[in-house]
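>>> Structure for the following, please:
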Amino acid sequence: MIRRAGGVGVLGALLGTIVVSGQVVATPPIIAAAALLPPLGWAGLVLLLDRHTRESWAPLCASFLWGAAAAALVASEVNDALLATALGDAVPMLLGPAVEEIAKASALLVVLAVWPGELNDPLDGIVYGALAGLGFAATENLGYYTLAALQDGAPGLTRALWLRGLLQGLNHAAFTATVGAAVGWAWGTGGRRPARAAIVLVGLGLAVLVHAVWNAVASEAITQVLCGAPTPGAACTPNPAALDLLVTVPILVATFVGPLALVLFAIATRATRTP
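Sure, this is the predicted structure:
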């Protein structure tokens, strides 16, 4: 069973490489670079959390690629299918976050199946979960950046890169790292399977909850701020105010994602292994 799961995981990572490569090749170079480079930069910072341990590159790369290909593809297809049903109105607020977090968390199952010795504690889980989230964000941003460039050219792409690549660049990473911390804790304790499953489900539930709150509250608030309509219901201004882009939105992002990032950093720091 483990060998079979391992084969599926390796095949999935290989297919992920092919899919991501195809998407990048089909995208204008400037947009592909905008989508890929920030997540890779954030990934470098995430890896610093576990800098005292020499991790194998295979599972690290597989996590990123699984998030970028398998998780992104499955989440997109399922969300599109749900939007076409009577449940469509609930997709952006609740069903979408649940689908996406389950899809991204599947990268952790791949690591456990193929490289069971690589995920031993919350720190490992945070690293692998964050990498899956960053891969997911890279693929998701290919579409957002393409749309922004088509709608407003270089200024639109620049704003999208600032908002999604930099300010919100760790959102998906933080959400999935929450599940990762739970998986690492559950497997590190070596307890009974029901107890480990309960811990993972709590972590997944927290990730979905935080993601849903972001979509329903923070994302909506950011959209309204950037719209800049003088009165409710009025048309948006042609371009967001510089003060909103450079001050208001960063404050909103820090307010909603900052506490989760600090908790994850504290867990990672506490679990950091010394040589």
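>>> Now for residue 93: which residues touch it?
212, 215, 216 (Cβ atoms under 8 Å, 6 or more residues apart in numbering). Yep, even glycine has a C-beta here, placed from its N, CA and C like the rest.
>>> From residue 215, how far off is it?
Separation of residue 93 from residue 215 (Cβ to Cβ, to the nearest Å) stands at 6 Å.
>>> next one: residue 40
Distance of residue 40 to residue 215, given as Cβ to Cβ: 25 Å.
>>> before we move on, back to that, can you lay out the contacts of residue 93 as CSV showing pLDDT, neighbour count and distance to residue 31?
Conversion of the contacts of residue 93 to CSV gives the following (pLDDT from 0 to 100; neighbours: other Cβ atoms under 10 Å; distance: Cβ to Cβ, whole Å):
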residue, pLDDT, neighbour count, distance to residue 31
212, 94, 19, 29
215, 91, 17, 24
216, 90, 14, 29
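>>> Show me the shaky parts of the stretch 51-200 of the chain.
86-92, 190-191 (pLDDT under 70).
>>> Can you show me the strands along it?
Taking DSSP state E, counting those that start in this stretch, the stretch 51-200 of the chain contains no strands at all.
>>> Which positions within whatever helix or strand residue 205 lives in qualify as buried?
In the assignment (DSSP states H and E), residue 205 maps to helix 193-213. Neighbour counts over helix 193-213 (16 or more other Cβ atoms under 10 Å) mark 196, 199, 200, 203, 204, 206, 207, 208, 209, 210, 211, 212 as buried.
>>> how much space between the nearest residue to the second one once chain neighbours are set aside and residue 128?
Translated: residue 199. Spatial nearest neighbour of residue 199, excluding adjacent residues (Cβ to Cβ, 6 or more residues apart in numbering): residue 186 at 4.1 Å. Distance, residue 186 to residue 128, by Cβ to Cβ: 14 Å.
>>> these two touch, right, the residue nearest to residue 199 and residue 200?
Yes - Residue 186 lies in contact with residue 200 (Cβ atoms under 8 Å); the separation is 5.3 Å.
>>> hang on, the earlier thing: ok, so of the contacts of residue 93, who is nearest residue 64?
Using Cβ to Cβ, residue 215 comes nearest to residue 64 of the contacts of residue 93, at 23.4 Å.
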